[in-house]
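Visitor: Sequence and computational prediction follow.
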Amino acid sequence: MTTESTDLLPEAWRDAELPDLPAPGGGVGEVVEEFARTIYGRTPDGGRLAEVVLQSRDEGVFGGAGDRLRHRAVIACPLGDLELDTLLHLPAGARPARVIVALNFAGNDQTIEKWPYAKVMDAGYAVLTVDYQQIEPDDPDSRGVRALFPTAEPWGAVAAWAWGLSRCLDIATKIPGLTTDGAIALGHSRLGKAALWAGAQDDRFAVTVSNDSGCCGASLFRHPGGEDIAAITTKFPHWFVPSFASYAGREDELPVDQHQLLASIAPRRVYVASAEDDAWADPIGEYLAVVAAEPAFEDGGIGYHVRPGGHDLLEEDWLRALSFVRR
Ligand code: GTR
């Protein structure tokens, strides 16, 4: 594992032991299929990128670190069009720039304050973002892109957001100055769950970064602590396929556990970040999932950090993930 040495883990974690886990059975395709069936639902193929129109371009933002571009994209889905408003930060130095695709929680503009764009661009990376609720509202009673596909199989909102990450990558292919070679999917919390599900299904993502993704993200169901299936399916029934709720209190009977989701992304690379005080995401369960997944990766193909503090995507998380990407 590309991680800090275990002596940088919190003291109390050093004796953490792996629970009994389902052995990864079958090929990668079957494992991904099992996750689709049991938890997330498969994101349908397609949604054709019909147009990408540049709305504005501000040059030399953040003291010249790069340019800020806004695009409107139209994605033609079987039952109608979905419009996405993207925000791109394109570094001045590196062209074509490698792209990080990351959905955001509170609107594109809010990321300008919150994300360390200047440092990320100085490191040579572009960041393309869209408000996750423009893809699928985070609401059990309303539907976004899921209403635009006549899928026979159900898919949850996490799968819809994963679909959106793949469409952002489609959009990136149309923007001069970007390369989608080596593309990175990055997400925090529920959007970290979506990043992992996108990484598992779309092999154009060379690296998948999950930050504090917790239950149904990087954390093991079979490691007790934090959010469990009962809690998550009660509060967020729309995130998953409806039958997933039947595993509430029956974690041991799930045919999969989350180390297999991480492993299914190999040999492409995965980085998992945790926060020590983020008990609801069960950071120890995230760490143990990485330990259990590690044999599936080539040397250094999976990385991990835990930092002090709580549930958040901080500059430190971005920069440590990027130093993994660069290795
Ligand atoms: C919590 C949820 C977590 C996590 C988090 C977030 O309420 O229980 O699974 O996804 O939200 O997305 O911030």
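Guide: Yep, that arrived. What you are looking at is a predicted structure, and each value in this text was computed from that prediction instead of being measured.
Visitor: Which parts of the chain are strands?
Guide: With DSSP state E as the criterion, the chain has strands at 2-3, 48-60, 66-77, 80-91, 97-104, 125-131, 178-188, 205-211, 269-275, 302-307.
Visitor: next one: the third one to chain centre, how far?
Guide: Right, the one you point to is strand 66-77. Strand 66-77 sits 20 Å away from the centroid of its parent chain (CA atoms, centre = their mean, to the nearest Å).
Visitor: Give me the distance between residue 242 and residue 133.
Guide: Distance of residue 242 to residue 133, given as CB to CB, to the nearest Å: 21 Å. In short, each C-beta sits where N, CA and C put it, glycine included.
Visitor: try residue 268
Guide: From residue 268 to residue 133 the distance is 28 Å (CB to CB).
Visitor: And for residue 119, the neighbour number?
Guide: 15 (other CB atoms under 10 Å).
Visitor: And for residue 45?
Guide: Residues near residue 45, counting by other CB under 10 Å: 9.
Visitor: Look up phi and psi at it.
Guide: Per-residue torsions, residue 45: phi -70, psi 140 (degrees, to the nearest 10).
Visitor: Not counting its neighbours along the chain, what's nearest the residue positioned nearest the centre of the chain?
Guide: Among the residues of the chain, the one closest to the centroid is residue 195, at 1.6 Å (CA atoms, centre = their mean). Once flanking residues are discounted, residue 195 sits nearest to residue 187: 3.4 Å by CB to CB, 6 or more residues apart in numbering.
Visitor: pLDDT score assigned to residue 128?
Guide: Note for residue 128: predicted pLDDT of 98.
Visitor: wait, it sits on residue 87?
Guide: Yes - here residue 128 reaches residue 87: they are 7.5 Å apart, a contact under CB atoms under 8 Å.
Visitor: Those two: which has the busier surroundings?
Guide: Between residue 128 and residue 87, residue 128 has the larger neighbour count (other CB under 10 Å), namely 25 against 22.
Visitor: where's that one relative to residue 258, distance?
Guide: According to CB to CB, residue 128 stands 26 Å off from residue 258.
Visitor: returning to that earlier point: ok, now which ones touch the residue nearest to residue 195?
Guide: Counting by CB atoms under 8 Å, 6 or more residues apart in numbering, residue 187 touches 102, 103, 165, 193, 194, 195, 196, 209, 210, 211, 213.
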